[in-house]
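Novice: next one to model:
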Amino acid sequence: MQKRSAPAKKSPAFGLAVFLVAVLALGGATYSVGVTARRIFLQQEEEIVPIIAGGALDDIPALMRGNLPSATISLVDRRPARRKPPRMCEMGKDYFDRLERNREAAPGYTRRNEYVRRYRARRGFLTEREMRAARVAWHYFEKFTQDSTGLANSVGNYPSTTLWDTASYVAGLVAAYELCLIEKPEFDRRITRLLTTVKSLELFRKELPNKVYHTKTGAKVDYTNKPGEIGFSALDIGRFLVWMRICKNRYPYLANTIDSVLLKWDFSNVVDREGLLFGAYVDKKTGEAVYAQEGRLGYEEYAAKGFALWGFRPLLAHRAEPFLTASIFGTQVPYDGRDPRVFHSQNYVVTESYLQDGMELGFDLPHDDATPDWLHSDGWRAEFADRIYQVQENRWRRTGFMTARSEHNVKGPPYFTYDTIFSDGYPWNTVTPRGDYVPDHAAVSAKAALGMWALWESDYTDVLYEAVIELYDPENGMFEGLYERGQGRVAIFTANNNGIILTALLHKVQGTILTPYTGDTEVWYTAYRDQDLRQRRNYPDPPQREDWLPALRHSVQEKADY
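Specialist: Here you go, the predicted structure:
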């Protein structure tokens with residue numbers, strides 16, 4: 001992490017540091033010190049604001065920084081934090097009658113660059129059809145999770161997975177428990193088995209998880225599922241970090257286990273001093289690890305927030321720039337402005353990353369634990385998501401083609417397709433990973449359709465809902481989608497599709513899935529304070545106000561063009 005120079009004069013935090021050192025000298029346990037530190041912050045109101053807002057972290061010895069509370073909006077502004085909603089079967093019949101819903105605020109940006117969307121998310125109990133879809137989607141994981149490791153197959157019977165798809169399994173597991181499809185003993189058995197395996201995985205070059213693992217053995221493999229290591233993905237890790245934080249915040253009894261998993265990893269090469277995210281691959285000629293910037297507009301910012309939830313400061317990765325817009329059916333669609341010919345990475349515009357940000361994180365900044373669901377503190381992300389939705393509705397109204405675009409698997413070669421809103425200079429471009437144009441693979445993605453239905457309550461998403469809600473095989477899960485050109489179903493089943501569908505259904509019931517952290521200290525921030533391991537592996541300190549990702553608004557967004 002980037003180092004901060006200490007202020008010339010002692011701040012109020014210096015007295016706190018001296019006090020904490022004294023407590024340790026008297027033999028106080030780390031947990032007790034953490035509770036004491038938090039109480040001091042909460043009781044000494046004259047000192048809390050300078051400490052958190054002024055960034056006096058360097059006045060405190062490194063040994064003690066981990067005991068500071070992470071600065072969040074509720075702590076800094078002294079506002080009530082959001083609460084974890086009850087499981088669906090524990091909600092009263094009038095639960096949604098009492099739910100706070102925005103009915104007056106005009107759409108657009110606030111003075112703080114928060115954003116009020118034009119559409120509301122759907123909220124309510126699941127209907128019989130929706131519960132059936134949830135049960136079928138969960139059945140995918142019941143059928144395709146390996147007993148030997150607790151890992152779920154990414155695609156049907158094929159025993160291979162990535163960290164991204166493992167996060168999708170965690171998403172499905174959380175949703176299954178919260179929607180009362182399974183009870184706590186089953187949830188605990190599955191999550192504990194999974195975390196035990198993830199902790200034991202052999203890492204790429206002793207740094208971070210390999211891009212692919214065999215689900216039966218947990219061994220590192222390549223994309224053909226043969227033994228070998230091929231690098232790590234910052235985007236996959238970022239998604240996994242989102243769901244580890246969701247689990248840790250919702251289920252505090254899992255906190256130590258989750259922290260112990262992440263404390264085996266070395267983050268020194270994945271986030272640089274400028275706040276960019278880097279993945280790794282193996283040079284075919286030399287066999288050396290090569291670290292390259294990873295992520296494009298949409299996924300990059302989502303993954304950045306995953307890292308920020310654990311105290312990292314991926315400042316540049318979270319910014320929209322450089323981006324351009326393409327006018328499609330009257331909507332200015334944002335896409336990454338980096339030239340693929342120079343940077344050798346395509347700028348695919350798809351729905352999925354915006355859905356994940358909205359359903360999981362509420363289009364909020366990582367430090368935001370207090371704003372209501374209808375107000376989005378990461379304003380530009382919410383506004384860009386509205387554009388991604390609107391252009392797809394507009395296409396349907398202009399051409400009659402139902403549109404819910406995202407990348408998806410296909411049966412047989414090329415096995416995977418980027419079904420985009422815009423890429424390579426063309427709207428509605430459907431391409432293989434090699435860049436070949438395959439328009440016959442264009443499809444209404446089931447995960448995109450139900451995700452849009454959950455986040456945008458509209459006549460159009462009602463149409464999408466009817467198209468996909470019963471698109472399933474009771475023995476295998478929800479189908480990947482429905483081909484746009486009339487070839488029928490995309491007859492394949494994946495962890496990502498079923499996990500995101502369960503996420504969408506959970507969002508209808510509970511709203512934003514990330515809930516505030518309720519503990520005092522975290523092992524993630526206190527461990528190895530007596531060693532140089534934290535610095536060598538780039539483990540962060542608890543984020544203070546100066547570490548917050550900024551709430552930005554870009555000049556092109558001053559007048560949102562729908």
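Novice: state the number of residues packed around residue 460.
Specialist: Residues within reach of residue 460, counting by other CB atoms under 10 Å, total 21. Bear in mind the C-beta positions are built from the backbone N, C-alpha and C, glycine included.
Novice: swap in residue 135?
Specialist: 16.
Novice: using PDB, write down the CA coordinates of the helix or strand encompassing residue 188.
Specialist: Here residue 188, judged by DSSP states H and E, is contained in helix 184-200. Presented in PDB, the C-alpha positions along helix 184-200 are these (Å, rounded to 0.1, in the frame of the first residue of the first chain):
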ATOM      1  CA  LYS A 184     -28.300 -23.700   9.400                       C
ATOM      2  CA  PRO A 185     -26.800 -27.100   9.800                       C
ATOM      3  CA  GLU A 186     -26.700 -27.600   6.000                       C
ATOM      4  CA  PHE A 187     -25.400 -24.100   5.500                       C
ATOM      5  CA  ASP A 188     -22.700 -24.500   8.100                       C
ATOM      6  CA  ARG A 189     -21.600 -27.900   6.700                       C
ATOM      7  CA  ARG A 190     -21.300 -26.600   3.200                       C
ATOM      8  CA  ILE A 191     -19.600 -23.200   3.900                       C
ATOM      9  CA  THR A 192     -17.200 -24.800   6.400                       C
ATOM     10  CA  ARG A 193     -16.200 -27.500   4.000                       C
ATOM     11  CA  LEU A 194     -15.700 -25.000   1.200                       C
ATOM     12  CA  LEU A 195     -13.600 -22.600   3.300                       C
ATOM     13  CA  THR A 196     -11.500 -25.400   4.600                       C
ATOM     14  CA  THR A 197     -10.700 -26.400   1.000                       C
ATOM     15  CA  VAL A 198     -10.000 -22.900  -0.200                       C
ATOM     16  CA  LYS A 199      -7.600 -22.400   2.700                       C
ATOM     17  CA  SER A 200      -5.700 -25.500   1.700                       C
END
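Novice: show me what it is packed up against.
Specialist: Contacts defined by 3 or more CB pairs under 8 Å, 6 or more residues apart in numbering; DSSP states H and E place helix 184-200 against helix 163-178, helix 255-262.
Novice: that one to helix 163-178, inter-axis angle?
Specialist: Going by axes from the mean of the first three to the mean of the last three CA atoms, to 10 degrees, helix 184-200 is angled at 160 degrees with respect to helix 163-178.
Novice: which parts of helix 184-200 are buried?
Specialist: For helix 184-200, a neighbour-count test (16 or more other CB atoms under 10 Å) marks 187, 190-191, 193-195, 197-198 as buried.
Novice: using JSON lines, lay out these together with pLDDT and distance to residue 280.
Specialist: Below are the buried residues of helix 184-200 laid out as JSON lines (pLDDT from 0 to 100; distance: CB to CB, whole Å):
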{"residue": "187", "pLDDT": "98", "distance to residue 280": "33"}
{"residue": "190", "pLDDT": "98", "distance to residue 280": "30"}
{"residue": "191", "pLDDT": "98", "distance to residue 280": "28"}
{"residue": "193", "pLDDT": "98", "distance to residue 280": "28"}
{"residue": "194", "pLDDT": "98", "distance to residue 280": "24"}
{"residue": "195", "pLDDT": "98", "distance to residue 280": "23"}
{"residue": "197", "pLDDT": "98", "distance to residue 280": "22"}
{"residue": "198", "pLDDT": "98", "distance to residue 280": "18"}
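Novice: including distance to residue 453, could these go into JSON lines?
Specialist: Converted to JSON lines, these look like this (distance: CB to CB, whole Å):
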{"residue": "187", "distance to residue 453": "26"}
{"residue": "190", "distance to residue 453": "27"}
{"residue": "191", "distance to residue 453": "28"}
{"residue": "193", "distance to residue 453": "32"}
{"residue": "194", "distance to residue 453": "29"}
{"residue": "195", "distance to residue 453": "32"}
{"residue": "197", "distance to residue 453": "34"}
{"residue": "198", "distance to residue 453": "32"}
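Novice: on that earlier part again, need the contact partners of the helix holding residue 188.
Specialist: 145, 149-151, 166, 169-170, 173, 176-177, 209, 218, 247, 254, 257-258, 260-261, 264 (CB atoms under 8 Å, 6 or more residues apart in numbering).
Novice: returning to what we had before: just the helices and strands packed on helix 184-200: most buried one?
Specialist: Highest mean neighbour count of the helices and strands packed on helix 184-200: helix 163-178, a mean of 25 (counted as mean count of other CB atoms under 10 Å).
Novice: and the helix or strand where residue 396 lies, average pLDDT?
Specialist: Using DSSP H and E, residue 396 falls within helix 379-399. Mean pLDDT, helix 379-399: 97.
Novice: pull out the buried residues from it.
Specialist: Going by 16+ other CB under 10 Å, helix 379-399 has these buried residues: 379-396.
Novice: coming back round to it: out of the buried residues of helix 184-200, who's nearest residue 373?
Specialist: Distance to residue 373 across the buried residues of helix 184-200 (CB to CB) is lowest for residue 187, with 24.5 Å.
Novice: against residue 170, how distant is the closest one?
Specialist: Counting by CB to CB, to the nearest Å, the separation of residue 187 from residue 170 is 11 Å.
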